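Undergrad: sequence plus predicted model, see below.
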Amino acid sequence: MVNEAEMLLLRNSLSKPGGSWELDVFILPAPIGPKSGRPYFPLCFLAVEKKQGIVIGNQMDKPWITLSQQREAIIQILKNAGQIPRSIRVKSKKVKEILEPIATSLGINLQIGATPLLEEFKASLDNYLSGYGP
């Protein structure tokens with residue numbers, strides 16, 4: 001469920017639909033947390049614009065956030081990007097289920113399929129976090 005009033009506000013305030021994104025939600029393989037607390041592996045929301053091949057948005061949060069909070073993180077990516085994509089491709093049914101009410105409300109074509117740009121970026125990020133990158 002999404003807040004329809006918020007979706008209407010987004011439709012009216014962001015630029016018209018255009019472009020295609022790849023989006024994924026995954027656990028980042030690098031523990032974070034306060035020095036005095038227990039570390040955790042953050043949940044990462046990442047969106048890549050396919051034509052330009054650039055990261056258009058990202059968010060990190062605690063891995064135990066609710067479905068509603070996950071949807072809010074995706075809405076925040078849309079707000080920060082300042083646009084509504086024409087289509088978003090995800091690689092898993094789970095991510096599609098998170099995104100579906102937002103996509104339906106905003107008229108975004110949502111597809112499940114390969115996300116090669118996103119996977120390339122995630123592999124580079126993993127190498128960097130593992131100490132193998134630049």
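TA: Looks like it arrived, so ask away. Numbers count the residues shown, from 1 in each chain.
Undergrad: do you know the pLDDT at S13?
TA: The confidence metric pLDDT takes the value 69 at S13.
Undergrad: oops, could you answer that again for C44 instead?
TA: If you check C44, the pLDDT there is 95.
Undergrad: what's the answer for K122, then?
TA: Per-residue confidence for K122 comes out at a pLDDT of 87.
Undergrad: other SSEs contacting the strand or helix carrying it?
TA: Using DSSP states H and E, the element containing K122 is helix 116-129. With contacts defined as 3 or more Cβ pairs under 8 Å, 6 or more residues apart in numbering; DSSP states H and E, the secondary structure elements packing on helix 116-129 are strand 20-27, strand 43-49. Quick note: C-beta positions are derived from backbone N, CA and C, even for glycine.
Undergrad: how about the ones you listed in CSV, adding distance to E97 and mean neighbour count?
TA: CSV is the format used below for those (distance: least, Cβ to Cβ, whole Å; neighbours: other Cβ atoms under 10 Å):
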stretch, distance to E97, mean neighbour count
strand 20-27, 10, 20
strand 43-49, 14, 21
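Undergrad: circling back to that earlier point, now the helix holding K122, how far from the chain's geometric center?
TA: How far helix 116-129 lies from its chain's middle: 14 Å, per Cα atoms, centre = their mean, to the nearest Å.
Undergrad: likewise stretch 28-37?
TA: Mean-position distance between stretch 28-37 and its chain equals 21 Å (Cα atoms, centre = their mean).
Undergrad: before we move on, back to that, quick one, the helix holding K122 and strand 20-27 angle?
TA: Here the directions of helix 116-129 and strand 20-27 differ by 40 degrees (axes from the mean of the first three to the mean of the last three Cα atoms, to 10 degrees).
Undergrad: ok, back up a step: let's have the helices and strands packed on helix 116-129 in JSON lines, adding distance to A5.
TA: As requested, those are arranged in JSON lines below (distance: least, Cβ to Cβ, whole Å):
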{"stretch": "strand 20-27", "distance to A5": "23"}
{"stretch": "strand 43-49", "distance to A5": "22"}
